[in-house]
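>>> Whatever this is, show me its structure:
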Amino acid sequence: MAAGRVAVNGVTVTVPGSHAEPARDKITLDGVLLPPLQSSRVLMLHKPPGFLCTRRKSREKGHTIFDILPSDRRYFSIGRLDKDSSGLLLVTDDGELAFRLTHPRHGTRKTYLVDTDVSLSASRVRRLTKGIELEDGIARALEARAVSQHRLCIVLAEGRKRQIRRMTAALGARVTRLHRIQVGNLELGELIPGEWRELSPQEIERLTMSPSRVPAK
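Residues are numbered from 1 along each chain as shown. Okay, the predicted model is just below:
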């Protein structure tokens, strides 16, 4: 700008901090019109087990979710599912939305179906909501209930590393399958493993609304 290379609507702008509206104004650099800003995208992926949610492959080898997502821009995941887990995963290039959905103070609810190698008694399932001491502090589920002999439905509002697996291990059980079916009021639906779709503006708006109840499934 100080060199006089930037113009807005044909008028050279040399004052740092000057404002323009990209959607309305014509901004040029050295006389070349800058391309319009792309609107952000949010994609919902049915993450298959065995895929990583990171772009870095140095520590843990294997395919990543970015191998099956479009490459039109640099996406990053909103929260994560560990390599062995599956289900609903959101990816975006919108940092503000990602922060809103992952920061603990916003309390975005995430619902999981959790299969275990042994049946857990009702008293042990209740411990998930009362609080379990982990090495990084007390962890609590918002809701937890038995769906069948070896399956639980667990709702969290936080996302510590391998949290459900560690909480379940503290109860003397091992997770054999962990599948996320819902984030906020957005359900995985009929997407098959490895399939993705773009969220509508209405779905994105609903994501930022108040948390939903546990689905009766």
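>>> Please count neighbours and contacts with C-alpha atoms only from this point.
Fine.
>>> what's the helix or strand for Leu89?
Element membership of Leu89, judged by DSSP states H and E, is strand 86-92.
>>> Put the alpha carbons of that strand into CSV.
C-alpha atoms of strand 86-92 as CSV (Å, rounded to 0.1, in the frame of the first residue of the first chain):
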residue,chain,number,x,y,z
SER,A,86,-15.7,-44.0,13.2
GLY,A,87,-18.7,-41.8,12.6
LEU,A,88,-19.7,-38.2,12.2
LEU,A,89,-16.7,-35.8,11.7
LEU,A,90,-17.0,-32.2,10.6
VAL,A,91,-14.3,-30.5,8.5
THR,A,92,-14.1,-26.9,7.5
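>>> looking only at pLDDT, what's the mean for that strand?
Regarding strand 86-92, the rounded mean pLDDT is 96.
>>> which strands and helices sit next to the helix or strand following it?
Later in the chain than strand 86-92, the nearest helix or strand by DSSP H and E is helix 95-102. Packing contacts for helix 95-102, counted by 3 or more C-alpha pairs under 8 Å, 6 or more residues apart in numbering; DSSP states H and E, involve strand 76-78.
>>> Return the list of strands paired to the strand it packs on, each annotated with direction.
strand 86-92 (antiparallel) (DSSP bridges).
>>> can you list contacts of the strand it pairs with?
The contact list for strand 86-92, computed with C-alpha atoms under 8 Å, 6 or more residues apart in numbering, reads 40-49, 75-81, 98, 178-183, 187-188, 193.
>>> between the helix or strand bottoming out on mean pLDDT in the chain and strand 86-92, how big is the angle?
Least confident helix or strand, the chain: helix 95-102 with a mean of 81, by mean pLDDT, DSSP states H and E. Angle of helix 95-102 versus strand 86-92, following axes from the mean of the first three to the mean of the last three C-alpha atoms, to 10 degrees, is 150 degrees.
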